[in-house]
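1. Test case, fold it:
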Amino acid sequence: MNKRPSRPFELWLLIISLIIIGISGLISGALFILSPDGQLMGMSPDLLTGSPFKNFLVPGLILFLFLGVFPIFAGYGLIQRPGWRWPNAVNICWRYHWSWTASWAGGVIILIWLIVQTSMLGYIFFLQPVMAVWGSAIIILAMLPRVRNYYISK
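-> Residues are numbered from 1 along each chain as shown. Predicted coordinates for the structure are as follows:
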């Protein structure tokens, strides 16, 4: 019987990081969607001055989908390793299971979100550098050989 080796510790750190950021993105995004004026998050639409947005609805949708749903989807894929074929349509690293590609892409998405946010709004909150470190850590964890090798397609 060809038994798969146990998941390395670094992989569990990656999965937990993705799930935590995903839950945070779902909650924050939902609060902006429910209250586009930012009141539920304690933020003023004045923060959006200089951006293309008049309220937090569109940023909330982006946050909900790309920093909420996507990381949870990637984390689920890392845990379950489902044999779905449709994610492979966008898997640029065909040698690896799509969930591995989605995991490091989740870190890249966090960094892109922060770059766009700070270029539009400037530095406004201590969580921006914290999230930059978190996104970088997700990328680094995904790229570790023990994690990468666990997801090589057979």
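
2. Tell me which residues touch residue 104, please.
-> 138-139, 142-143 (Cβ atoms under 8 Å, 6 or more residues apart in numbering). C-beta here means a position set from N, CA and C on the backbone, and glycine is covered the same way.

3. Could you list the low-confidence segments of the chain?
-> 1-4, 154 (pLDDT under 70).

4. how about the longest helix along it: buried residues?
-> Longest helix in the chain by number of residues, with DSSP state H as the criterion: helix 9-34. Residues of helix 9-34 classed as buried: 10-11, 14-15, 17-19, 21-22, 24-26, 28-33 (neighbour count, 16 or more other Cβ atoms under 10 Å).

5. what does stretch 34-49 give?
-> Within stretch 34-49, the residues scored as buried using 16+ other Cβ under 10 Å are 35-36, 38, 40, 43, 47-48.

6. Likewise for stretch 133-146?
-> Applying 16+ other Cβ under 10 Å to stretch 133-146 flags 134-135, 138-139, 141-142 as buried.
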